[in-house]
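In: build me a model:
(3 chains, ligands or ions: 3)
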Amino acid sequence: MEAVMERQREKPHVSEPRIDARERAMGLAKYTADWQVKDMLYARIFTSTVPHGFVKGIDSSEAAKTPGFVDIVSCLDDSTVWQAGEREHERRVFADHVRFVGDCIGAVTATTRIAARKAASLVGVQYEELPASFTIESTLGNSQLKIWDNGNFLGPLKFEYGDSEEEFSKSQVVLERHYSTSRLHNVPLEPAISIAWWDGDNLTVVAATQSVHGCRNGIAKDLGLEPEKVRVIGYYKGGGFGNKINSMNYDLIAAICSRRTGKPVMVEYSREDEFINVHGRWSTDQDLRMAADRAGKINAVEVKAKCDIGAYTRHIKRGHFIEGPEHYYSTEAWNAEIYGVYTNTPATGHMRAPPGPQSAFSVESMVDELAHELGIDPVDMRLKNFIRNPPSGRFTSNGFEECIIKGAEEFGWKQRWKRPEKQRNKSGIATGVGVAIGSWHSGLGHGEAIVSVDSSGTLEVNTGVVDIGTGAKTTMALIASGEVGIPYADTRVIWGDTETSPYSVGESGSRTTGFTGTAVREASRQLKADLLLIGEKLHGISSSKLEIKEGNLIRSGNGSVLSSVRELMQASGNGRITKSVTTEPTLKEGEERFVFAAHFAEVAVDLETGEVKLTDYLAYHDSGEIVNRLTAESQVQGGIVMGIGMALTEKLLISKTDGSIENPSLLLYRIPNMTQIPKIKVFFTDTVDPYGPKSLGEIPIIPVTAAIGNAIFNATGVRLRNLPFSREELLGELKDRK
Amino acid sequence: MEAQTFELKFKLNGKEVNALVDTRETLLDVIRDTFGLTGAKKGCDEAACGACSVLFNGHAVCSCTMLAAEAHGGSIVTVEGLSVNGEPASLQKAFMESDALQCGFCTSGQIIAAASLLDNADRELDDNEIREGMSGNVCRCGAYNKILHAVSETSRKRKAK
Amino acid sequence: MILEPFQYFSPLSLDEAFEILTEHHGEAKIIAGGQSLIPLMKMGVEMPCIVDIKKIHELKTIELSNDGSGKVSSVRVGALATYNEIERSVPVRRNIPLLAKTASGIGHPLVRNRGTIGGSLSHCDPAADLCATALALDAQICITGPGMKTRVLSARDFFKGPLETDLHNDEILTSVFFPVSNMKMGYDVQKLTLGHGDFPVFIVSVSLHYDGVKFTNAAIALGGVGETAVRASECESLMRGKESITGEDIREVSRLITDRYDPPVSAELSPDYTREMLSVYTGKALRNAVQMVTG
Ligand SMILES: Cc1cc2nc3c(=O)[nH]c(=O)nc-3n(C[C@H](O)[C@H](O)[C@H](O)COP(=O)(O)OP(=O)(O)OC[C@H]3O[C@@H](n4cnc5c(N)ncnc54)[C@H](O)[C@@H]3O)c2cc1C
Ligand code: FES
Ligand code: FES
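Out: Numbering: from 1, shown residues only, chains lettered A, B, ... in the order given. Ligands and ions are numbered 1, 2, ... in the order given. Next up, the predicted model:
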């Protein structure tokens, strides 16, 4: 076994409760809906009842009679473009060309929620209907259809290296399979909401956003304002998982309605609105080919995919609707051709590792099929093929092998895995185990932070993070506290307001720790250097022989305490020392930075009903240095829980007759509850990456569906290739084989 | 029909309170808007998420699926009412220490459901009883393992007393 | 959000309740746990007058009632008993454990702390858990109307159709009597749901009595397979009076059930699968019930 650890870690593991755990546990944390703003009005959207058409007229006479009615705005009098709402085309906040049932046409403002909703329900809209499509096939097969003037699909996006044809023709084993995944929804527990008010030309928005600065910049751009004129406040958020990124249309609607009425306006989506009007995950139809030699070396992979991206799709990097597995395996050739196909159905966009789990599902299922075909243990199959370095270049750090080997060990894979035909089958219940691996980006980029210490010795970290549940505030505090040497308990954070905090990318794309965290680290180092210099002056000992630990200046070597940071500050005569830092770390030529994981699942299948129960789960991750074990473990478990939903229960049901969502309700769109979740054990490698902690938020969801599907195969010998796994399909296959 | 009102009186976190409410208002709306206690959240408004859980006469219920008027004469405890002299109760501390909260939006409801479960149990609960007992409270952040840990620790400690 | 305004009354006695019901005849709607009614109101169903019966204390009791000889003959469950109270009630657990078990599996705990037996039976959803179990247990339903006119009818006669019962607008379901048997009991309830805590697609409730020699009573009630919950009488007669119920008997009954009953159409499951599951879940319920008696 090669040395898998680049460097051994030097520091002890940190495991601290969240810095704001108290506020959250006591019900004191103030989310957007909890703001009570004086004289606030409520706006309620009204939306299209046809899947595709032009709005020809709007009758607001009945709505206006509702007691409490204040104002109505629609596509007839406002043409603001929501630029972040669709990358390739122009998406208006209020659509005059409606593209799905539920497309927002306008909003009614009223004095109470009830009045706003009642009035909005009374608005009459006339349409000129257009041909519509609700499936990939019908979009591609209908020449009359014009969802967008310049074509109804994006792509093909091609990605390739090596000579696929050559590899396929010379390989001894070639498999060809079809896999599909369903449309999903992020379902943050806090539905979309925004409050806006104007003070002259200055706009303030209390936003449920994953990024206050992204939100501010988006709003400013769309409303034609200088960014400085827009203040976005966002403290506590009830999750987002990618659907509260940057500026959202409801932020713009709140701002527009507030400008028209001169009063603060709250736009509050119901759960149903959230399902219909805020984007979720696109579905995929994937044809895969995989070539290997008899010893199990995978030579080439070919992926052809079509994805249902709805009527609009939010920024997805260069149209990458399928992406990732080329960074799991070293193959001679890789070849992908991907289409994003528009349909007259609700929008799609970011959801936790946007293309990640769809892509891992197909590839990791197929590698399992290949292993079975070749008679190779699935863990060995991965060990034979996992990526050590990207095709051209090298990883900054790579703990993949450790994840697979140690994960298998901890799980007891060797004892638990038997060939499917040999699995235990006790009184109608079959159990089995599965493995899947995955990798994900870990970017580096622009970060800003202000770190200071005051005369009382309190450390203050000021960043523009929002903390949607990732623990970002805690992470920033721990980085600073660890670097400077002041106890976590004496650390405060300032966050979540564009007026008071420097820029941060916010919580999306697993970037906060890598981007903003790097700036915090740098600022903290500078601050510490200043403190040491003060110490040098005060004690006449060279700063190179001094350290700060637990809030005290100590002498290196013997560890004797010389003075507290508070005393240092008082001696310096400074009320506060502040370090304001901007970092722009970049990778060296040829470097790529990734995180890695191996997941192991055990299922129990009821052979009479086809019902699948997850009974055990283990995840082994390389995310570089882990700033806080406790919250990192929670992030991983959370991603896995969402993956379990994707595997077993979650699916947006899209109507065949009008493309509407048939289950826009938590009673019908089933996210996992506690009874469906087994113990999830989480381990981290001690990999140290030269650029600091790597990303963590997204990768946990990536391998889950395949790990479960592979376990189902191991238990029953039945291979399910469509998500979510259907117990009906499983039972049908079981019977067919009898 | 004109909006109808109701003269509502009940005990809220131990204090007698009253308000004139619209009969259409749910208990959740009144607790949040009229009394400014925003710990309970609206995640679905259809008894499907548990974020709005409050204790009504000692049992956790969905305050979104209860008319405010139905609370008349009863006793309501919200998450804000669990703390003791401004300090978190032991159950809340267990949530904090176990990291049984991520975004925190479900947390008030989880804690209320756990309080109801534990207060009404006469013995230490096993994991599956806790899972069933907490099954009306979803957590999209997926903090379930940690929530289970916090509740089971508290159950164990209470039993030990 | 409820958009339509309504009047709200909360009478303190049955008399007062009937006064209101009579005065607002045709417009008044009773609210008990509200776990079905409030969702309907939020969907926009107009209910101009809501009569909350929860302040009428006599509707809350769960108690044993004796026959003349002092032997316990039934358990009287007040209409306002919540699922949670039923599940925890000692008289219920001891004498009609199938009822406790059924109540403990309805929806999720937050609903169980609110939903009432009276509400569930009056709402009469064909797949409601308690409707099936009330049938399986030969429950007697006690109804009171204006002038305190009281009538008692069997669950079978009470259920009339989907969301339709024998109740008149101005009547209140006051309590439900469950006969108690002193024989050995075997029982189970099994249901197909699409997720934990979901409303059942269908439900099978089974109650067996065994006198030490033979099965004196065998009840199978099905919910979700017709207009109301039903008793599968033709299958019951195959088991009643038998000294033992074998695996083959159970298979036979399960087969017969799938032949005779149509499970509902669901958006996510095919009719073939649901039909097959009806037989599988019936089999599971019967096996468990028989095992309780003999195993
Ligand atoms: C999330 C959720 C999940 C659920 N899951 C299930 C499930 O799995 N299984 C299941 O069976 N049910 C389920 N239910 C429904 C629940 O059981 C309801 O409680 C029940 O259907 C109605 O009882 P209630 O006391 O809430 O009645 P209410 O909602 O108050 O009333 C229902 C109807 O009955 C009438 N009524 C009520 N009481 C009386 C009375 N004493 N006399 C005359 N008329 C009366 C009312 O006028 C109304 O028409 C679920 C509900 C929710 C919200
Ligand atoms: S808001 Fe009440 S259960 Fe979701
Ligand atoms: S902590 Fe976010 S939903 Fe539970």
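
In: just checking, next helix/strand downstream of the helix or strand where A:Ala371 lies?
Out: Using DSSP states H and E, A:Ala371 maps to helix A:356-374. For helix A:356-374, the succeeding helix or strand toward the C-terminus, using DSSP H and E, is helix A:378-385.

In: what's that following helix packed up against?
Out: helix A:356-374, helix A:400-411, strand A:429-441 (3 or more Cβ pairs under 8 Å, 6 or more residues apart in numbering or on different chains; DSSP states H and E). C-beta here means a position set from N, CA and C on the backbone, and glycine is covered the same way.

In: may I see the ones you listed arranged in JSON lines, with distance to chain C as well?
Out: Formatted as JSON lines, the helices and strands packed on helix A:378-385 follow (distance: least, Cβ to the nearest Cβ, whole Å):
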{"stretch": "helix A:356-374", "distance to chain C": "20"}
{"stretch": "helix A:400-411", "distance to chain C": "26"}
{"stretch": "strand A:429-441", "distance to chain C": "12"}
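
In: quick one, which of those gets closest to chain B.
Out: Nearest of the helices and strands packed on helix A:378-385 to chain B, taken as Cβ to the nearest Cβ: helix A:356-374 at 14.1 Å.

In: for the closest one, buried residues please.
Out: A:356-372 (16 or more other Cβ atoms under 10 Å in any protein chain shown).

In: what's the mean pLDDT across it?
Out: Averaging pLDDT along helix A:356-374 yields 97.

In: for stretch C:268-278, same thing?
Out: pLDDT averaged over stretch C:268-278 gives 93.

In: and it, what's buried?
Out: Neighbour-count burial for stretch C:268-278 [16+ other Cβ under 10 Å]: C:268-269, C:273-278.

In: in chain C, mark out all the helices, start to finish.
Out: Counting by DSSP state H, one finds helices in chain C at the ranges C:14-23, C:37-42, C:83-88, C:90-95, C:97-104, C:109-112, C:117-123, C:129-136, C:155-158, C:233-239, C:247-260, C:271-294.

In: give me whichever of those is most buried.
Out: Most buried of the helices of chain C, by mean neighbour count (mean count of other Cβ atoms under 10 Å in any protein chain shown): helix C:129-136, with a mean of 29.

In: and whichever residue of chain B sits closest to chain A, what pLDDT?
Out: Proximity of chain B to chain A (Cβ to the nearest Cβ) peaks at B:Gly39, 2.3 Å away. Here, the pLDDT recorded for B:Gly39 equals 98.

In: what's the burial count for it?
Out: Look at B:Gly39: counted by other Cβ atoms under 10 Å in any protein chain shown, it has 26 neighbours.

In: any idea how far B:Ala51 is from it?
Out: Applying Cβ to Cβ, to the nearest Å, the value for B:Gly39 to B:Ala51 is 10 Å.

In: over to A:Leu252?
Out: 26 Å.

In: before we move on, the earlier item: now do the contacts for the residue of chain B closest to chain A.
Out: A:26-28, B:78-80, B:108 (Cβ atoms under 8 Å, 6 or more residues apart in numbering or on different chains).

In: let me know the pLDDT of residue 143.
Out: No chain specified, so I'll use chain A. At A:Ser143, the pLDDT value in this model is 88.

In: chain B, not that one
Out: Per-residue pLDDT puts B:Ala143 at 98.

In: that one contacts A:Gly638, correct?
Out: Yes. Counting by Cβ atoms under 8 Å, B:Ala143 touches A:Gly638, with 6.6 Å between them.

In: shared neighbours, those two?
Out: With Cβ under 8 Å, 6+ apart as the test, B:Ala143 and A:Gly638 both reach B:Gln102.

In: for the longest helix anywhere in chain B, buried residues please.
Out: Ranked by residue count and defined by DSSP H, the top helix of chain B is helix B:144-160. Of the residues in helix B:144-160, B:144-155, B:158 count as buried by neighbour count, 16+ other Cβ under 10 Å.

In: and stretch C:44-51, by the same measure?
Out: Neighbour-count burial for stretch C:44-51 flags C:47, C:49-51 (criterion: 16+ other Cβ under 10 Å).

In: ok, that stretch near chain B or not?
Out: Yes. Using Cβ under 8 Å from any Cβ of the partner chain, stretch C:44-51 reaches chain B at C:48, C:50.

In: measure that stretch end to end?
Out: Taking Cα to Cα, to the nearest Å, stretch C:44-51 runs 18 Å from one end to the other.

In: swap in stretch A:375-389?
Out: Span of stretch A:375-389 from end to end, Cα to Cα: 27 Å.

In: for that stretch, which positions count as buried?
Out: Neighbour count says stretch A:375-389 has A:376-379, A:381-387 buried, by 16+ other Cβ under 10 Å.

In: so which of the residues you listed are also by ligand 2?
Out: By Cβ under 6 Å from any ligand atom, no member of these lies near ligand 2.

In: can you put those in JSON lines and add distance to A:Ile671?
Out: Formatted as JSON lines, the buried residues of stretch A:375-389 follow (distance: Cβ to Cβ, whole Å):
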{"residue": "A:Ile376", "distance to A:Ile671": "36"}
{"residue": "A:Asp377", "distance to A:Ile671": "34"}
{"residue": "A:Pro378", "distance to A:Ile671": "29"}
{"residue": "A:Val379", "distance to A:Ile671": "30"}
{"residue": "A:Met381", "distance to A:Ile671": "32"}
{"residue": "A:Arg382", "distance to A:Ile671": "30"}
{"residue": "A:Leu383", "distance to A:Ile671": "34"}
{"residue": "A:Lys384", "distance to A:Ile671": "37"}
{"residue": "A:Asn385", "distance to A:Ile671": "34"}
{"residue": "A:Phe386", "distance to A:Ile671": "32"}
{"residue": "A:Ile387", "distance to A:Ile671": "32"}
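
In: which pair of those residues spans the longest distance?
Out: Pairwise distances across the buried residues of stretch A:375-389 (Cβ to Cβ) peak at 19.3 Å, for the pair A:Asp377 and A:Ile387.

In: tell me the pLDDT of the closest residue to ligand 1 within the stretch 201-350 of chain A.
Out: As assessed by Cβ to the nearest ligand atom, ligand 1 sits closest to A:Arg271 within the stretch 201-350 of chain A, at 12.8 Å. On the pLDDT scale, A:Arg271 is placed at 98.

In: so it makes contact with B:Glu46?
Out: Yes. With contact defined as Cβ under 8 Å, A:Arg271 counts as touching B:Glu46 (7.0 Å).

In: please report how far C:Gly33 lies from ligand 1.
Out: 3 Å (Cβ to the nearest ligand atom, to the nearest Å).

In: contacting residues for A:Thr49?
Out: Contacts here follow Cβ under 8 Å, 6+ apart; on that basis A:Thr49 touches A:101, A:125, A:127.

In: no further questions, thank you.
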